[in-house]
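>>> okay, sequence plus prediction incoming.
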Amino acid sequence: MTDRQLQTRTIDVIRGLAMDMPQKANSGHPGTAMALAPLAYTLWTRIMRYDASAPHWPNRDRFVLSAGHASVLQYSMLYLTGYGLTLEDLEEFRQWGSKTPGHPEVHHTAGIEVTTGPLGQGIANAVGMALAEHWLRARFGPQLFDHHTYAFCGDGDLEEGLSHEAASLAGHLGLGKLVVVYDDNHISIDGPTELALSDDAPKRFEAYGWHVENVGEIGEDVDALEAAIRRAKDIDDRPSMIVLRSHIGYPSPKYTDTAHAHGNPFGDEEIAATKAVMGIPDEAFWVPDDVLAHMREAGLAGKGAREAWEAMHAGWTEDREALDAALAGTGLPGWQEALPTWEPGESVATRNAGKKALNALVPVVPGLIGGGADLTGNTGTEISGEAPFSVTDRHARQIHFGIREHAMGSVMNGMAAHGGVVPFGGTFFVFSDYMRPAVRLAALSQLHVIYSWTHDSIGVGEDGPTHQPIEHIASLRAMPGLRVIRPADANETAIAWGLAIEKDGPTALVLSRQNLPVLEGTAGNPGVARGAYVLRDTEGDPDVVLIGTGSEVQHCVAAAETLAAEGVAARVVSMPSWELFAEQDDAYQVSVMGLDVPRVSVEAGTTFGWSLWADACVGIDHFGASAPGGTLMEQFGMTPANVVEHARAVLAQR
């Protein structure tokens, strides 16, 4: 068999697997994988630098399947090139406990760089990976970091607004070494894309500042595909898009260029007919030895480059502590000592405390990099004296994401998935709604990202109900895997920033616009790391426990003093994080909350969910209004007097 024949046979095997996996599962998307089999073959055998035996090599090229529904393509490539998947894993596609779930999941299957599926996310993730590579290359040198990011996307990715936000940012920042192949197959679930789409994608991406090449009908020509990718990968001053006209489901006699090919198994009869066209046996999961050997050789082609890099890295002495800390996603030895503290009685907005904590951490956490969605100063995400990350300054750690909250969240995910950086991003808490899909994926993927969400309540004031979060904190607490921290004062904020650096997974810091008093007993309190702690206790057993978060803890303290004058022993609990408190053992939880003691929660937001911890709730179960923040707090009952009334009522019920 000639090399050309082996190449054709391998592509046919990939197409066969793309049909066989959905057929056995009775679920899945074969068509796109079949159409892009030659492209994937080209990328994995001729272009990408990787070592399948070391999936986490830091200087590897990255691949993102933004069209995550075509996961059978990626699983086929990971199996064939030797990432550890077996043929049995492919046979268990979409089944319980398998390594081949319906959409690619990072940390679940070796070789998957990022969790994709919701359309548009992968493009934005790829932008984040390219951004991280540019910064690391500038910071530590091209000897250590010099690689490309490749992504496949489809019409659905480009229809989602997220892709527009991310593409605009990538073009503005001139993120070269990013190559996106747009699979222009003209098919969506409903039918031809012309039902809803008439964009000129090449012109749009050119307007964003991308290099664009429309290569047309070269989907079956491996040499032409290689040449197009090489032209794109050599561009370092801007991102590149290759527009490829493909034919979904090719070479199926019945389903080529049909909507059926998108998300439906083909059936035994059509699979047999398609395999006959390709000239391969009508045998499910057929992978001949020569094809497997050919692809396993390709999977190890980068081993020499990886070993050379590791040898260089092992002997690297220049700024070694910073390099190690960046790759580990942590700080230099003793970094926690840099966190600031404040004296009781000071008045500080927690967003401003967050800014001070951030700026204290930047010198000692080498990979900390980020900014705000056009609200850098407002959200405490401004690095003092730092230039913006830009085309002309790749060393800078201040990113101006622009008014692109969704892209900011997804780009942060890509940066974290890339490694070597700890990304942070800020916006008003109410606009976390715009970030929610990316936040969910960060939680699902347990990516080390930090959100600085400020203006956390009706304390925003005059901007009115459109800018005043009510239900947001409850909805985000409902999200598995997201650590939500709403600190009571400046000292709790600094500790929260430390936890965000220290702990894996995403952390949401929910911070105030208005000044809050620094409370007695918060500085360095280890209880913050446990989610809740006794801030003000009683001499004996408490009669009532007042549980506050954020700006309302001060009202609990004031209410406890009033109740004490009435002979009522009120314990004050600061509870910055439900998630951290839920991780504690029963003994600690009882030591904080007491046993069979009435409890009152106090939070300037919806009371939804507080029944888990409290018998009565002081909250806001309606939208806000436009007025000064202090006026709104008083009108809506966020006062010590209202806390006292609720405490009296719950005691009377007992």
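On my side now, so go ahead. Residues are numbered from 1 along each chain as shown.
>>> residues of the top helix by length along the chain that come out buried?
Determined from DSSP state H, the single longest helix within the chain is helix 3-25. The neighbour-count check on helix 3-25 (16 or more other Cβ atoms under 10 Å) flags 6-25 as buried. To be clear about C-beta, it is placed using only N, CA and C from the backbone, and glycine gets the same treatment.
>>> which other helices and strands contact it?
When contacts are defined as 3 or more Cβ pairs under 8 Å, 6 or more residues apart in numbering; DSSP states H and E, helix 3-25 packs onto helix 31-35, helix 37-42, helix 71-81, helix 87-91, helix 268-278, helix 289-299.
>>> now do the domain split for this structure, please.
3-305, 335-517, 528-653 (automatic domain parsing).
>>> so which of the ones you listed is the most surrounded?
Mean neighbour count (mean count of other Cβ atoms under 10 Å) peaks for domain 335-517 among the domains of the chain, with a mean of 22.
>>> which residue sits closest to Arg62, ignoring its sequence neighbours?
Thr149 (4.5 Å; Cβ to Cβ, 6 or more residues apart in numbering).
>>> show me the beta-bridge partners of that neighbour.
Arg62, Leu178 (DSSP bridges).
>>> any idea how far it is from Met415?
Separation of Thr149 from Met415 (Cβ to Cβ, to the nearest Å) stands at 11 Å.
>>> any common contacting residues for the two?
Residues touching both Thr149 and Met415 (Cβ atoms under 8 Å, 6 or more residues apart in numbering): Met129.
>>> got the contact list for the closest residue to Gly191 other than its chain neighbours?
Distances taken as Cβ to Cβ, 6+ apart put Ala259 closest to Gly191, at 4.9 Å, once the chain neighbours are dropped. Residues in contact with Ala259 (Cβ under 8 Å, 6+ apart) are Ile187, Ser188, Ile189, Asp190, Gly191, Pro192.
>>> show me the contacts for the fourth one.
Asp190 makes contacts with Ala196, Ala259, as judged by Cβ under 8 Å, 6+ apart.
>>> any idea how far Gly117 is from it?
19 Å.
>>> check the first one too.
Plainly put, Ile187 is 18 Å away from Gly117 if you go by Cβ to Cβ.
>>> same thing with the fifth one?
Note on Gly191: its distance to Gly117, by Cβ to Cβ, is 22 Å.
>>> got it, and the third one?
Remark: distance between Ile189 and Gly117 (Cβ to Cβ) = 14 Å.
>>> cool, and the second one?
Ser188 sits 16 Å away from Gly117 when distances are taken as Cβ to Cβ.
>>> all strands for the stretch 201-350 of the chain, in order.
Under the criterion DSSP state E, counting those that start in this stretch, strands of the stretch 201-350 of the chain are mapped to 211-216, 240-245, 347-349.
>>> other residues contacting the following helix or strand past the last one?
This points to strand 347-349. Along the chain past strand 347-349, the next helix or strand (assigned with DSSP states H and E) turns out to be helix 350-361. Here helix 350-361 makes contact (Cβ under 8 Å, 6+ apart) with 331, 335, 338-340, 342, 368, 378-384, 424, 452, 454-455, 487, 489-494, 497-498, 501, 509, 511-513, 516, 550-551.
>>> re earlier: the residue nearest to Arg62 contacts Leu131, doesn't it?
No: counting by Cβ atoms under 8 Å, Thr149 stays clear of Leu131, with 9.4 Å between them.
>>> circling back to that earlier point, reformat the strands of the stretch 201-350 of the chain into a markdown table and put distance to Ile280 next to each item.
Listed next are the strands of the stretch 201-350 of the chain as a markdown table, based on distance: least, Cβ to Cβ, whole Å:
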| stretch | distance to Ile280 |
| --- | --- |
| strand 211-216 | 27 |
| strand 240-245 | 24 |
| strand 347-349 | 67 |
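>>> reformat those strands as a markdown table; add distance to Pro265 and mean pLDDT.
Formatted as a markdown table, the strands of the stretch 201-350 of the chain follow (distance: least, Cβ to Cβ, whole Å; pLDDT from 0 to 100):
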| stretch | distance to Pro265 | mean pLDDT |
| --- | --- | --- |
| strand 211-216 | 30 | 98 |
| strand 240-245 | 25 | 98 |
| strand 347-349 | 57 | 98 |
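>>> Leu87 is nearest to which of the ones you listed?
Leu87 sits nearest to strand 240-245 of all those, at 29.0 Å, using Cβ to Cβ.
>>> who does the closest one pair up with?
Counting by DSSP bridges, strand 240-245 is paired with strand 178-184 (parallel), strand 211-216 (parallel).
>>> give me phi/psi at the nearest residue to Arg483 once chain neighbours are set aside?
Closest residue to Arg483 apart from its sequence neighbours, by Cβ to Cβ, 6+ apart: Thr507 at 4.6 Å. Here is the backbone geometry of Thr507 (degrees, to the nearest 10): phi -130, psi 130.
>>> ok, now which ones touch Thr507?
Applying Cβ under 8 Å, 6+ apart, the residues near Thr507 are Val449, Ile450, Tyr451, Arg483, Ile485, Ala496, Leu499, Ala500.
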